[in-house]
Every structure is written in C-alpha cells, then in structure tokens.
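[1] Here is a sequence together with a model predicted from it:
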Amino acid sequence: MVYCGKPSKGCSSCRERKIRCDQKEPGCGQCEKRQQECPGYRNLVDLMFRDESAHVKRKATKTRARISGKPPTASNAPGAPEPPGLSGSAPSSSGTEPENPAPYPRTTNRATDARRKPALALAVITQPVSLIAITGRRQLAYVTTDDLVNYDFVFDIWRPASMLPSRQVDGVMASMTAVGLAGLADLTKCHQTMDWARRSYGTALRLTNDALRDPSEAVKDTTMLSILVLNTYEMLTGRSPQTVRAWQEHLNGASALAKMRGLAQFRSRAGVRMFIMLTHIALTSCIQRSLPMPPSLVELRNQLGMLSPPGDPNWRMSGPIYRVMQLRHDIKRGKLRQTEAIVDQLAKVDNEFVDIIADLPESWHYRLVNLSQSHPAVFDGFHCHVYPALGLAATWNGIRSLRMLVHETIIGELCKDLGEQPILSWPYEAKFQLAKSVDALEKLRDAILASVPQHFGVVNYNDAKPEDRGLPVTLVRARRPPVRVVPSPATSASSSPECPSADSPPRPGSFSGPTLHDPIQMEGVSNSAERFMILASASNTIVWPLYLLGVSSSGTHEVREYVIDRLQAILKEASLQQAGGVAQMVRNTQVSIPWSDLPWDQMPQLPTSPRVIV
C-alpha cells in the first residue's frame, strides 16, 4: 500500500476532461449539462490498495545487479519513478493516563500520522482481531470473516478528524480504537493495552450517548456506525452474563434507532449495509433469547426488499428464517401446543427452503469435485463441493444449519410426545416423519462436510470446470499439502457420543440433539453466556456449521473427530481462539441417539426421487 497523493472523487468523465466535478447524486451536473449519462464515482477505499509486485521485483533486480557489478537493464533503469512508501514511527504512549485521555496512544511523528490513521483504522475493523497475529506471517486460504459483518463501507460516511492534540474525538474513532486495542491486547497479552481499550470503550459510550440525546445527531449514519462498532467490541471481549446484557441493550438501542431512521437510511450504500448488519446481529440475539425478530426490523427489511430485484434469493430467504423464529417463540409461549401442529408448521417452513434452493440461479450453484489423492482436510478424503465465492458457501451452510435445527426440533417434538414407547410401535405418520427427518439430516450433514475443504484452500472454484458431456464430477489435484492437526481419531475416543446398546430397544427418551429451542445447548449449563459469546463472536463462517455437525444427532464418531480436527486447524492457522473453545464444547457434548440401532428395513420407506440439491 503506497501513498500517491489524494485521489480525485470526481467521475471518470470529469477526470478525463480535468474539470471540477460537483459529485451530485445520482449524476454530476457537468454530465447533465452535456446530456450524457454520468459514469458514477469511484470507491476511494479501493484506491488505497495497489499491486506493487512489479515494483518490488524491479527493486530486487536492481539490488542484485548492483551487488554483482552489472548495470541494470533498460526496464529497470534508475530513471523510473518510484512511488513513495509510508514512513513513520511506531505508536507510543506514556505509562500514565492523560488528563484528557485520547482514545488511542499518540504517535511521535505527527507529520505522517494524518496519512496513516485512516488506513490503520480501516484495517482494525475490517480484519477480525484474532487474525492480526498472523497478518505478517502468511495469508489464509479460507474465509476469515463474515461478509454480513464487514465495515468496508466506513469511509463512505466517516473520516477521522485532525490528528493534532487539539482534535475533536468522535464516537466512531473511539469505538474503532477500542476494537483495535482489544485485538492488540489479545495478541500481545498486554494488560496496559487492554486498559487503553477499556478507556476508549468508555469514551465511545459517553460520546455515543451524547449523540443519542440530540435528535439531529441520533439519526446520522455515524451514530449508527458507533453503536455497531461498540457491539463488535463487546462480542470480542466479553464472555460474562453482564457483557451479554450490555451487548443486548446496545442492540435494542440500535433497533430503536433504525426505526427512527426509517426509509431514509436506505438512500445510501452505507445505510443499507449497516441495516443488513443490524438485522444479522439481531437474529443472533433472538436465537440466544428465544425471541422473534422485532416487528419494526422485519417491516423495514420488507420495505428494503421491495427495492431489490424481483426474486432475489437473498430477500426470499429472510421470510422463512423469520417464520422459524416466530414459530419457536410461539411454541415456547404455548401458542402452539399440539405436536401434530408443531411438526406440520416446521415441515412447511422446511419446504419453503427447499423451494427457494430449487429456484436458485445457476450462478449460486456449487460444483462437485473429486480429488486425485486423499487429503485429511476432506472428510472422506476425496469428495468436495466448490462454490463460486466463499460468501455463497456461507449462505448455503446457513440455510443448511437452520434446516438441520428444524429437523432436529421435529424429532425432539416426536420423542417428547410419544414418551417411552419403542420407535417401532409409533404411529405410521410419526415413523414416516422420523425417517424423513433423519434422511434430511444426513444429506444436510454430508453437504456441509463437502463444503469445508474450500474454506481451507484445498480446492478452488476455478479448479472445477463446468460439467462436460453430462459428467457431474471434476477430478482435481489438491492445492494444499495434507496436514492433520489432530493426529488420530483414536486420541479423542472418549468424546464419541454414547448410543444405546444393541441389547435394548431404541427409545426416544434419550434424544439430546440441538433444537431450535436450544441450538447451542445452554439449558442447565452454568457457563451458558460464555458458550453463546464464543459461538457468536467467531468470525470464521465455517465455525458455526462445524459446531452444529459436532453436536447433531446425525454426527457419527468420525464426523465429531473431523469437526474437532478442522476447528483445531482454524485455531492453529488463524489464531482464532474461539475455534479452540468451540472444539472443546464439541468434545464435552454427549449426544444420545435413540435410533442408532434401529432396524430401518422395518421403518416406512421413503419414495425414491431424482437427486435433490441440498
């Protein structure tokens, strides 16, 4: 990353003509006067990064030639201009707290500070803090953060104030600094740095509360941004019930603020991104508290959906997701009591997901791949799914995870209703639904397992060529060398799920898989807040699907060992501490499966159907 002067904000037409662009929306006035369509404006954040590979290569060639006494080639002549690099001293801070504490330690070189801070602030919040430790060592081949919780739009709505000592500190800068210092403290294990993070957090809270008291300031984009970044700080630093409460209170405030902002917040790209981020975080909170989505957010989401292209899968998916949340709430409150009605409603929601998947455009589809040699990062060694983008893989796995919880809940309701009756003596409809849900769980499990290798860089979408001559599978060579973190499945044999012995008939009373009512199995657990925050703050998008596989009733001993191995790999390669915590949660979870020894030939047989995409 190099500094090449302040880039022009104008449209390409005005830049080519070298005239001032008034940057009006939706098009500039100069293009309007010429009666031509304005090409739009650049994203200045993208201009902060450029490929310096060729420049570095030229420098290395010149250095090598100078050492060997050979003149440089024409292409590497010293007359070629070199873009200046960034320079400056490392940040330093005094050991005592200043009278008017700034939200971050001051740098000793103020001349370069004004150029460096925007880039540093952006790096702090677009990169998960657990990954800061490995940035200088190597690049990860798999996704490291959720696209829904990504602050790449920040400079669209906010710019840091002057870096002089008399600068006016704002809530966004203070909250971002708190997140960055918290990540640095986690990396260096420095208590003083964590103290700075807490002071910045306190400053951000005060400034944000001041903004909320002013009606004109409260509805600004910067106020919403401050609250969302504070939410990120709480997710990353807290594991206690008090932190969970603070996180939920700020989320409630953000939801109320979104209602105040109304449709006006959708006029800008940043406003839309912040609202989508808010709904994503609200969904996480509602899962933890067994609540439906706030009606105000659902209504705003529907209004935003009307502005999107018809049939957009992203918006179609939100409907059944919110219905699942409402169903769970109705069951908990006793509005839905009869097992038959509960199972029927859950099955209808699952069918909605199936219909949406069937209508997905070709650009969303994954490709089937077989490796030419076995790889330990692949569950069965060979079989993989590859997606056009890892964000799409996360979306697919999100749907699969929710569908798994739906079917686990159906099974749980059947087991609860039929008590201690042997499964073979259940009514035909109940046995058929059990067989259907178990079959769906196994297919969803296998699909998630097949998606994991791409997150670890084993395969790439470009490796898999489009289907040729009707062949559905492409044979490719693995990109990464085989590495196993957990040496052998036998090392964790004690963590395998306990199943009834073959001597006793399978009984439903021992079912203990995750359900919509308790997806992370917090009931009766003393450290429930810690379990929730570990899962909620994990920035790697494959962590939650792996956890669900590890505790699902469809998870075999081999699946659990594979899940633990992959979570440990994320911990080792990305220094993502939450992955290690989730691996321990999987180890400590015992899942009893009453149908493990069930004679399936005596159960209702499901109709054979063409291959269904899951």
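    Yes, it's here. Residues are numbered from 1 along each chain as shown.

[2] Please identify the helix or strand for residue 369.
    Assessed by DSSP states H and E, residue 369 sits inside strand 367-371.

[3] Give the pairing partners of the helix or strand just after that strand; include direction for each.
    The helix or strand immediately downstream of strand 367-371 is strand 383-386, counting by DSSP H and E. Paired with strand 383-386 in the same sheet, following DSSP bridges, are strand 367-371 (antiparallel).

[4] Just the buried positions in the partner strand, please.
    Along strand 367-371, the positions that meet the burial threshold by neighbour count (16 or more other C-beta atoms under 10 Å) are 367, 369, 371. Just so you know, the C-beta spots here come from the backbone N, C-alpha and C atoms, and that holds for glycine as well.

[5] Equivalent analysis for stretch 204-214, please.
    Here stretch 204-214 shows 204-205, 207-208, 211-212 as buried, counting by 16+ other C-beta under 10 Å.

[6] Going by distance to residue 380, which of those wins?
    Out of the buried residues of stretch 204-214, the one with the shortest distance to residue 380 is residue 204. That distance is 48.2 Å, counting by C-beta to C-beta.

[7] got the residue ranges for the strands in the stretch 201-350 of the chain?
    Along the stretch 201-350 of the chain, counting by DSSP state E, counting those that start in this stretch, no stretch forms strands.

[8] Could you measure from residue 399 over to residue 226?
    Residue 399 sits at a distance of 32 Å from residue 226 (criterion: C-beta to C-beta, to the nearest Å).

[9] Report the residue ranges of every domain in the chain.
    Following automatic domain parsing, one gets these domains for the chain: 1-73, 112-292.

[10] hang on, the earlier thing: let me have the buried residues of strand 367-371 in a markdown table, extended by pLDDT and distance to residue 410.
    Compiled in a markdown table, those are given as follows (pLDDT from 0 to 100; distance: C-beta to C-beta, whole Å):
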| residue | pLDDT | distance to residue 410 |
| --- | --- | --- |
| 367 | 89 | 31 |
| 369 | 88 | 32 |
| 371 | 87 | 35 |
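
[11] With distance to residue 10 added, can I get those residues in TSV?
    Formatted as TSV, the entries for the buried residues of strand 367-371 read as follows, by distance: C-beta to C-beta, whole Å:
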residue	distance to residue 10
367	42
369	45
371	50
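
[12] Of these, which is the nearest to residue 352?
    Lowest distance from residue 352 to the buried residues of strand 367-371 (C-beta to C-beta) belongs to residue 367, with 25.5 Å.

[13] Can you tell me the closest non-neighbouring residue to that closest one?
    Taking C-beta to C-beta, 6 or more residues apart in numbering as the measure, residue 367 lies nearest to residue 464, with 4.1 Å between them; neighbours along the chain are not counted.

[14] again with residue 194
    Nearest non-adjacent residue to residue 194, counting by C-beta to C-beta, 6+ apart: residue 185, 3.8 Å away.

[15] So that neighbour belongs to a strand, correct?
    No - judged by DSSP: H, G, I helix; E, B strand; the rest coil, residue 185 forms no part of a strand; its state is helix.

[16] Quick check, it in contact with residue 201.
    No - checked against C-beta atoms under 8 Å, the pair residue 185 and residue 201 is beyond contact range at 11.8 Å.

[17] Quick check: which element contains residue 395?
    Per DSSP H and E: residue 395 is located in helix 390-418.

[18] From residue 601, how far out is residue 282?
    Residue 282 sits at a distance of 46 Å from residue 601 (criterion: C-beta to C-beta).

[19] between the two, which one's more packed in?
    residue 282 (23 against 6; other C-beta atoms under 10 Å).

[20] so what pLDDT did that one get?
    pLDDT, the model's per-residue confidence, is 85 for residue 282.

[21] swap in the one 5 residues further on?
    Taken from the predicted model, the pLDDT recorded for residue 287 is 74.

[22] what about residue 262, neighbour count?
    Other residues near residue 262 come to 12 when the count uses other C-beta under 10 Å.

[23] Now it: closest residue in space that isn't a chain neighbour?
    In this structure, residue 262 finds its nearest non-sequential neighbour in residue 300, 7.8 Å apart by C-beta to C-beta, 6+ apart.

[24] Please verify my assumption that that neighbour contacts residue 259.
    Yes - counting by C-beta under 8 Å, residue 300 sits close enough to residue 259 to count as a contact (7.3 Å).

[25] Compare these two and say which one has the larger neighbour count.
    When residue 300 and residue 259 are compared for neighbours, residue 300 comes out ahead with 22 against 14, by other C-beta under 10 Å.
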